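Trainee: Prediction below, plus the sequence it came from.
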Amino acid sequence: MVLPIVAGLVLAGLVGGGAGWAAGASQSGTTVIGSGSSQSGGNLTVNDYNNATVVTAVAAQATPSVVTINVSSGSAGGTGSGVFFTKDGYIVTNTHVVTLDGDSSNGTITVTTSDGRIYPAKLVGTDPTVDLAVIKIDATGTKPISFADSSDLNVGDTAVAIGAPLGLSNTVTDGIVSTLNRSIQVASSAPNQGGDSNEGGNGDSPFEFPGNGGSSTSTTVSLPVIQTDASINPGNSGGALLDSKGKLIGINVAIASAGSSQSSDAQSGSIGVGFAIPSNLVERVANEIRENGSASHGLLGATVGDASEDANATQTGALIKSVSSGGAAAAAGLEKGDVVTKIGSASVADATDLTAQVRFFAGGAKTTITYIRDGQTREADVTLGTYKS
């Protein structure tokens, strides 16, 4: 059974024209608590320091860096999460949080800190290619998160998620890193804007954001992600995934759901398969947006498909179907029929993997591609082009 991917954004007022931020039960039976509710979590409570766990220590360290984000646009609204990454109020979150899954380009954004202070926020920039965005509040002395090196992670490492699932601020859940170098396709959250180029595979992804049957756009983007079994639910989007030292290893972005991707009233919850954008990518993109208003991503310059679609395939990977003249793939000597199995240190199982990992790099970055030609494994050094989103 194919499990659809949904993003962890709580939407209010999008299904059946509901009334904005009022608390109530959605058609799926999930209760969404509105902005300003007294049921928000407040500061972290530790009653017995002698029996505090590693998760308690992580929460104490990182909770002041995590915020709840409310976005409204007309009668529509949603709640997500975000993370301070500077001392002067810059916050990284998901594009689909600030655009209400692509339905709004100019929503009103407010931020509630872990201790209950509410600030208006301005949008600094979005990067729909990897579903990241930066917003800013007018405040000083905000506690920036510390970034871990996501390339040092191991499967089985502790993973702690902090965010606002179902609008419940300061919620802490824990689990492990389930898989590294995973790639998923989700609906683009760019309003009225196309998604991935034809590097990205067949474009028939069943993955979508929650709401009234999906995002306002039918195009998709390919994301490199960390998979975790820490409980992630709608509202966790943009929140922190942390290691045992309280350092950021990822920004929570999506969950797999056992529900139908075609259901118009589904608000999916955690089944233990959640995804986060790796911290190394988050740190680069967030700082580029803060400094330049946008971020760059790599471009291979090739059309690719899944090697496994060939009935005679003996190796999974990304099959190069064509190479653009003058592009990075052509310059590296790649040809039609080559099967890419690795880029840098990341294995490539299909076209989505290759596209996601190419986008992980900045435009102009140098890396090594491992591929199979005529049954022989080869390597090519490549200087990536720059993707125009």
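Mentor: Received it, and whenever you're ready, just let me know what you need.
Trainee: Other residues contacting the helix of greatest length in the chain?
Mentor: Longest helix in the chain by number of residues (criterion: DSSP state H): helix 279-292. Contacts to helix 279-292, defined as Cβ atoms under 8 Å, 6 or more residues apart in numbering, come from residues 85-86, 90, 92, 124-127, 130, 132-134, 147-151, 224, 247-251, 294-296, 360, 362. No exception for glycine: its C-beta is placed from N, CA and C like everyone else's.
Trainee: Who are the packing partners of the very next helix or strand once past it?
Mentor: Counting by DSSP states H and E, the next helix or strand C-terminal to helix 279-292 is strand 298-299. In terms of contacts (3 or more Cβ pairs under 8 Å, 6 or more residues apart in numbering; DSSP states H and E), strand 298-299 is packed against helix 351-360, strand 385-386.
Trainee: Span of stretch 342-355 from start to end?
Mentor: Taking Cα to Cα, to the nearest Å, the first and last residues of stretch 342-355 lie 12 Å apart.
Trainee: cool, stretch 354-365 as well?
Mentor: 15 Å.
Trainee: quick one: the strands in the stretch 151-300 of the chain?
Mentor: 158-163, 171-187, 220-228, 240-242, 248-256, 274-278, 298-299 (DSSP state E, counting those that start in this stretch).
Trainee: How many residues are close by residue 47?
Mentor: 6 (other Cβ atoms under 10 Å).
Trainee: among the strands of the stretch 151-300 of the chain, which is the most enclosed?
Mentor: Highest mean neighbour count among these (mean count of other Cβ atoms under 10 Å): strand 240-242, with a mean of 32.
Trainee: which outside residues touch that one?
Mentor: Applying Cβ under 8 Å, 6+ apart, the contact partners of strand 240-242 are 58, 62, 65-66, 81, 83, 145, 148, 159-163, 226, 228, 230, 248-252, 276.
Trainee: from memory residue 273 sits against residue 226, does it?
Mentor: No - contact between residue 273 and residue 226 fails when scored by Cβ atoms under 8 Å: they sit 11.8 Å apart.
Trainee: got the contact list for the nearest residue to residue 285 once chain neighbours are set aside?
Mentor: Nearest non-adjacent residue to residue 285, counting by Cβ to Cβ, 6 or more residues apart in numbering: residue 295, 4.3 Å away. Residues near residue 295 by Cβ under 8 Å, 6+ apart: 125, 127, 129-130, 132, 284-285, 288-289, 362.
Trainee: Could you tell me the phi and psi values at residue 295?
Mentor: In terms of degrees, to the nearest 10, the main-chain angles of residue 295 are phi -130, psi 160.
Trainee: ok, it to residue 118 distance?
Mentor: Residue 295 is 29 Å from residue 118, where distance means Cβ to Cβ, to the nearest Å.
Trainee: low-scoring stretches of the stretch 101-250 of the chain, by residue?
Mentor: Across the stretch 101-250 of the chain, the ranges flagged by pLDDT under 70 are 192-218.
Trainee: ok so, going back, with mean pLDDT and mean neighbour count added, can I get the helices and strands packed on strand 298-299 in a markdown table?
Mentor: Output for the helices and strands packed on strand 298-299, formatted as a markdown table (pLDDT from 0 to 100; neighbours: other Cβ atoms under 10 Å):
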| stretch | mean pLDDT | mean neighbour count |
| --- | --- | --- |
| helix 351-360 | 97 | 29 |
| strand 385-386 | 96 | 18 |
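Trainee: what would the ones you listed look like in TSV with distance to residue 71?
Mentor: Output for the helices and strands packed on strand 298-299, formatted as TSV (distance: least, Cβ to Cβ, whole Å):
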stretch	distance to residue 71
helix 351-360	25
strand 385-386	30
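Trainee: do you know which of these lies nearest residue 379?
Mentor: helix 351-360 (15.1 Å; Cβ to Cβ).
Trainee: Give me the pLDDT value at the residue nearest the centre of the chain.
Mentor: Centroid-nearest residue in the chain: residue 253, 3.3 Å away (criterion: Cα atoms, centre = their mean). On pLDDT, residue 253 comes in at 96.
Trainee: ok, it to residue 172 distance?
Mentor: To residue 172, residue 253 is 18 Å away according to Cβ to Cβ.
Trainee: Give me the distance between the two termini of stretch 89-102.
Mentor: Per Cα to Cα, stretch 89-102 runs 24 Å from first to last residue.
Trainee: and if you look at stretch 225-245?
Mentor: For stretch 225-245, the end-to-end distance is 20 Å (Cα to Cα).
Trainee: Could you do stretch 287-297 as well?
Mentor: Taking Cα to Cα, stretch 287-297 runs 14 Å from one end to the other.
Trainee: Show the average pLDDT along it.
Mentor: What stretch 287-297 shows for mean pLDDT is 96.
Trainee: for it, the distance to its chain's centre please.
Mentor: Chain-centre distance of stretch 287-297: 16 Å, with Cα atoms, centre = their mean, to the nearest Å.
Trainee: what do you get for stretch 72-81?
Mentor: Taking mean C-alpha positions (Cα atoms, centre = their mean), stretch 72-81 and its chain are 18 Å apart.
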